[in-house]
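[1] Structure for the following, please:
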Amino acid sequence: MAPLPELRSAIFLDFDNVVSGLREGAGPDVALRFAQQPEAWLDRLLQDRPRRALIRRCYLNPAGVLDDEEGSRFRYAEFRWAFMAAGFEVIDCPRLTRLKNAADLRIALDAMEAMLSSPGLDEFTLLSTDSDFVPLLLRLRAADRRTRLVAHPEVGRIVRAASDEVIGLDTLASWLGWVPAPQPGASFGAEGRADVLGVVRDIMSEAQDPVHVPHLGQVVRNRTGQTLRGSDFAGYGSLDGLLTAAGGFIRRDGPGGGHVLRPEWADQSPSA
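    Got it, this is the predicted structure:
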């Protein structure tokens, strides 16, 4: 059998998105290993067939934070050098608004530019669970480019159908030494409830002011495709239960459903 031809590949990593998914599905230590040792998973990502990763880009919000199991806090900016040492160009994507950074937009624009300016690229690999990338994946396929997506193992059928290959975050976690265990807060699956929990945690960690409950629900729906109520509040049965599990956040009653506050804001008045 003739050897497979070498693929010329491009990799685009939505760092914040993947770290959040690994943290919720496999635990903070696996997420930290992903951030500190990119060579450990990058080699596995590239080795299934001959390929050269000609473009390697990592998009991150330098102000983001990751807490390990012992309570130590790491800013995403601290992981920049590890990715540069693995051959990545690191692109800062601070928040465009108080709840969303620019990574998905930058990735879509850069991937399209790479497709148009580098006709020799055979394959595009996206690491993100964001359903916003479906139009990009379809456009790349229409241009006769092979696509791979590294995403949550329960990514929706529409997203899965848009990519030639889907690699689950659970597989990525296994490359980093994760072994599935029936323990709360560290399991991929559960009908995507971990996604809802993680998004709520991310929203509140990034917020600068109390967050209106309807706005919280809308952002969760935009990012996960699920509603708070439809996910049974990430399996916790109530908004208050979800907020407690996500980080001890507090719901304050008020017009239109009230606001959600971080614990340190308990004495503040909600924003209009």
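
[2] doesn't residue 73 make contact with residue 65?
    Yes: taking contact to mean Cβ atoms under 8 Å, the distance of 5.5 Å between residue 65 and residue 73 places them in contact. To be clear about C-beta, it is placed using only N, CA and C from the backbone, and glycine gets the same treatment.

[3] Buried ones in stretch 130-139, by neighbour count?
    Within stretch 130-139, the residues that qualify as buried are 130, 131, 133, 134, 136, 137, 139, counting by 16 or more other Cβ atoms under 10 Å.

[4] what's the next secondary structure element after the helix or strand of the chain with the lowest mean pLDDT?
    For the chain, using mean pLDDT, DSSP states H and E, the weakest element among its helices and strands is helix 193-206, scoring a mean of 82. Moving toward the C-terminus from helix 193-206, the first helix or strand encountered (DSSP states H and E) is strand 211-212.

[5] same for that following strand, what does it pack against?
    Using 3 or more Cβ pairs under 8 Å, 6 or more residues apart in numbering; DSSP states H and E as the contact criterion, the neighbours of strand 211-212 among helices and strands are strand 259-261.

[6] out of residue 65 and residue 73, which sits in the more crowded spot?
    Regarding residue 65 and residue 73, a neighbour count based on other Cβ atoms under 10 Å identifies residue 65 as having more, with 13 against 9.

[7] Can you pull the phi/psi pair for the more buried one?
    Per-residue torsions, residue 65: phi -130, psi 150 (degrees, to the nearest 10).

[8] what's the distance between residue 88 and residue 15?
    As defined by Cβ to Cβ, to the nearest Å, residue 88 lies at a distance of 10 Å from residue 15.

[9] Quick check: neighbours shared by those two?
    Counting by Cβ atoms under 8 Å, 6 or more residues apart in numbering, the residues touching both residue 88 and residue 15 are residue 58.

[10] more crowded one of those two?
    In this view residue 88 and residue 15 are compared by other Cβ under 10 Å, and residue 15 has more residues nearby, 28 against 21.

[11] quick one: pLDDT of the more buried one?
    The confidence metric pLDDT takes the value 95 at residue 15.

[12] With the one 3 residues further on instead?
    At residue 18 the predicted local confidence, pLDDT, stands at 94.

[13] show me the contacts for residue 242.
    196, 197, 200, 228, 233, 234, 236.

[14] where exactly do the strands run in the stretch 51-200 of the chain?
    Taking DSSP state E, counting those that start in this stretch as the criterion, the stretch 51-200 of the chain contains strands spanning 51-60, 65-67, 73-75, 89-92, 123-127, 146-151, 165-168.

[15] which SS state does residue 4 fall under?
    Look at residue 4: counting by DSSP: H, G, I helix; E, B strand; the rest coil, its state is coil.

[16] Which secondary structure state does the closest residue to it other than its chain neighbours sit in?
    Spatial nearest neighbour of residue 4, chain neighbours left out: residue 49 (5.1 Å); criterion: Cβ to Cβ, 6 or more residues apart in numbering. State at residue 49, reduced to three classes by three-state DSSP: coil.

[17] so how many other residues sit close to residue 30?
    Once other Cβ under 10 Å is used to define contacts, residue 30 is seen to have 22 neighbours.

[18] Name the SS class of it, please.
    Local secondary structure at residue 30 is given as helix here, using three-state DSSP.

[19] Could you do residue 10 as well?
    Three-state call for residue 10 (three-state DSSP): strand.

[20] Return the residues in contact with it.
    By Cβ under 8 Å, 6+ apart, residue 10 lies in contact with 53, 54, 55, 56, 57, 111, 114, 118, 121, 123, 124, 125.

[21] Looking at the closest residue to the second one other than its chain neighbours now. What's its pLDDT?
    Using Cβ to Cβ, 6+ apart and skipping residues adjacent in sequence, the residue nearest residue 54 is residue 8, 5.5 Å away. Listed pLDDT for residue 8 reads 95.

[22] thought residue 8 was touching residue 121?
    Yes: shown here, residue 8 and residue 121 form a contact pair, counting by Cβ under 8 Å, at 5.4 Å.

[23] Those two: which is more packed in?
    For residue 8 versus residue 121, the count of surrounding residues by other Cβ under 10 Å is larger for residue 121: 20 against 15.
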